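**Student:** Any chance you can model this:
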Amino acid sequence: MDYSDEVLEATPERVTKFLTGMGAVAAIRTSMAAAGMTDDDILEGRTLLLDVLAAPRKVGAPPDTDDARAQRAATGELDQWDEPNFTRYGAALRRRFPDVNAYVFKDLAPSTGTAAVQGVATFLARLDALENGTDPGRAGTKQSDKKAVAFLATRSLDKAERKRLQGLVDVALGPTSPLPERAELPETARRREALVKLRSWFDEWSTTARAVIKKRGYLIRLGLASRKARQRKPAAAPPKPTATPSQPTSPDEATHETDVE
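**Tutor:** You can find the predicted model right below:
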């Protein structure tokens, strides 16, 4: 039979319970012996089980790649960088170069996650434009703009630091490589073959057990049945109210009841 991976991987646990249940209850062993199960059959099942347990498990594809991890790390570092540094560089520029501060931090504020990557990328691009004088809207302030960038370099935002930050931005924006395809290893094929043999043994003898063992408790012990959930008893109906004797409505009725008594 063509078994699914899920069925095969569940088989060792089921066989273990089947073998231990049969060994623990003599009546089960007696019924199975009468159905043709010999000691050699039990030893075969045990050998097949041990062979599976010794075989290596299937090695799955790695859940991640190095560059994906690097991308997340870069995003996290930029997320941590923007808030304290935007604050301190903004404070320094507001005092000494208010016009540059308005330009650099226009619609720019600390953010989180991918928005922080975008924010730092915008910050760096604007500093580059100031340093290189490439923004046509600031043609008349090139000297002041360069001084502002040079001033920030004295506050640890020099070319080396800007290059480092730009590298983080580049990594955070990707691309990253897809997960590699992994060929099935010979060890994986061997394990599956061992699982198929074990499952075939289990199918034969569990089917036999279901046919010859009728006591549900024994089948539960073998792992071939499950305990039934206890059903709650329905709540008792509330007692019916006791009828109240009617009161006489006239002297004649009262006299009549007294006569009857």
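**Student:** And the contacts of stretch 96-113?
**Tutor:** By C-beta atoms under 8 Å, 6 or more residues apart in numbering, the residues outside stretch 96-113 that reach it are 75, 79, 82-83, 86-87, 89-90, 93-94, 116, 118-119, 122-123, 126-127, 130, 138, 141, 144-145, 147-148, 151. All C-beta atoms are positioned from the backbone trio N, CA, C, and that covers glycine.
**Student:** Of those residues, just the buried ones, ChimeraX syntax please.
**Tutor:** The ChimeraX selection below is limited to those of the contacts of stretch 96-113 classed as buried (16 or more other C-beta atoms under 10 Å):
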select :75,79,82,86,89,93,116,118,119,122,123,126,127,130,138,141,145,148,151
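**Student:** Now go through the contacts of stretch 96-113 and say which are in helices.
**Tutor:** 75, 79, 82-83, 86-87, 89-90, 93-94, 116, 118-119, 122-123, 126-127, 130, 144-145, 147-148, 151 (DSSP state H).
**Student:** helices or strands up against the helix or strand in which Trp205 is found?
**Tutor:** Under the criterion of DSSP states H and E, Trp205 resides in helix 186-212. In terms of contacts (3 or more C-beta pairs under 8 Å, 6 or more residues apart in numbering; DSSP states H and E), helix 186-212 is packed against helix 5-24, helix 26-34, helix 39-54.
**Student:** hmm, who's touching the second one?
**Tutor:** The reference is to helix 26-34. Identification of contacts with helix 26-34 by C-beta under 8 Å, 6+ apart yields Gly21, Met22, Gly23, Trp205, Thr208, Ala209, Val212, Ile213, Lys215, Tyr218, Arg221, Leu222.
**Student:** and if we set it to 7 Å?
**Tutor:** The contact list for helix 26-34, computed with C-beta atoms under 7 Å, 6 or more residues apart in numbering, reads Gly21, Met22, Thr208, Ala209, Val212, Ile213, Tyr218, Arg221, Leu222.
**Student:** For Thr11, state which of these is nearest.
**Tutor:** Nearest to Thr11 among the contacts of helix 26-34 is Leu222, at 14.1 Å by C-beta to C-beta.
**Student:** And that closest one, its phi and psi?
**Tutor:** phi -80, psi 0 (degrees, to the nearest 10).
**Student:** Pull the number of nearby residues for it.
**Tutor:** 24 (other C-beta atoms under 10 Å).
**Student:** and the residue lying closest to it once chain neighbours are set aside, how far is that from Leu165?
**Tutor:** Nearest residue to Leu222, sequence neighbours excluded (C-beta to C-beta, 6 or more residues apart in numbering): Gly21, at 4.2 Å. Distance, Gly21 to Leu165, using C-beta to C-beta, to the nearest Å: 65 Å.
**Student:** So the two - more neighbours on which side?
**Tutor:** Between Gly21 and Leu165, Leu165 has the larger neighbour count (other C-beta under 10 Å), namely 22 against 19.
**Student:** what residues are up against that one?
**Tutor:** Val120, Leu124.
**Student:** Show the pLDDT at it.
**Tutor:** For Leu165, the pLDDT comes out at 96.
**Student:** how near is it to Asp158?
**Tutor:** Leu165 sits 11 Å away from Asp158, going by C-beta to C-beta.
**Student:** what's the neighbour count on Val120?
**Tutor:** Val120: 25 surrounding residues under other C-beta under 10 Å.
**Student:** got a list of what it touches?
**Tutor:** With contact taken as C-beta under 7 Å, 6+ apart, Val120 is in contact with Leu78, Trp81, Asp82, Leu165, Val169.
**Student:** With distance to Leu43 added, can I get the residues you listed in a markdown table?
**Tutor:** Formatted as a markdown table, the contacts of Val120 follow (distance: C-beta to C-beta, whole Å):
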| residue | distance to Leu43 |
| --- | --- |
| Leu78 | 63 |
| Trp81 | 66 |
| Asp82 | 68 |
| Leu165 | 68 |
| Val169 | 65 |
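**Student:** about what we covered before: what is the nearest of the contacts of helix 26-34 to Asp5?
**Tutor:** Of all the contacts of helix 26-34, Leu222 has the smallest distance to Asp5: 23.9 Å, by C-beta to C-beta.
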